[in-house]
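> Quick one, what's the 3D model for this:
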Amino acid sequence: MVNPDDIAAALGRPTPASSSAEYAQWTYWISGAELLIKAEAARRGTTVAALDDATVTYVVTEAVKAQVLHPDDATQVTVSVDDGSTSRSYRSGTGGVSIRAEWWGLLWPSLASDSFTITPAAEPDPATPGALAWL
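Numbers count the residues shown, from 1 in each chain. Down below sits the predicted model:
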């Protein structure tokens, strides 16, 4: 299905050499994303083969692309004033490839209808004779 050439195309850069660690890492992440989709399909009583190929390819490619760009979602903020500076790092990543909720929704559009919406509505209580007699 997806291969490192697809990831490179999505990133707009050349494919790493097949003997490189980066190529091996991309291949590992592709397998991980495919495994997540396979596990979810099994949980839903279906198979990956039953899903739209183009959608699966898109979701795997986007998940791996996101992982390549932000492998640990680390952010470093540096503030400099005159001769001094301070830095702070924030991390919130999963540490592995993950599939966002909107991508799951592409694979299983019924996910959107599986959620619920609470619509505020009220109906007046039925009037009972004499209920307002005290007015």
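
> how far is the helix ranked longest in the chain from where the chain is centred?
Assignment by DSSP state H gives helix 21-43 as the longest helix of the chain. Relative to the mean C-alpha coordinate of its chain, helix 21-43 is positioned 14 Å out (C-alpha atoms, centre = their mean, to the nearest Å).

> ok, now stretch 98-108?
Averaging C-alpha positions (C-alpha atoms, centre = their mean) puts stretch 98-108 6 Å from its chain's average.

> which stretches of the chain form strands?
Listed in chain order, the strands of the chain (DSSP state E) span 75-81, 84-90.

> end-to-end on stretch 8-28?
One end of stretch 8-28 to the other measures 15 Å (C-alpha to C-alpha, to the nearest Å).

> And stretch 48-55, by the same measure?
The separation between the terminal residues of stretch 48-55, taken as C-alpha to C-alpha, is 11 Å.
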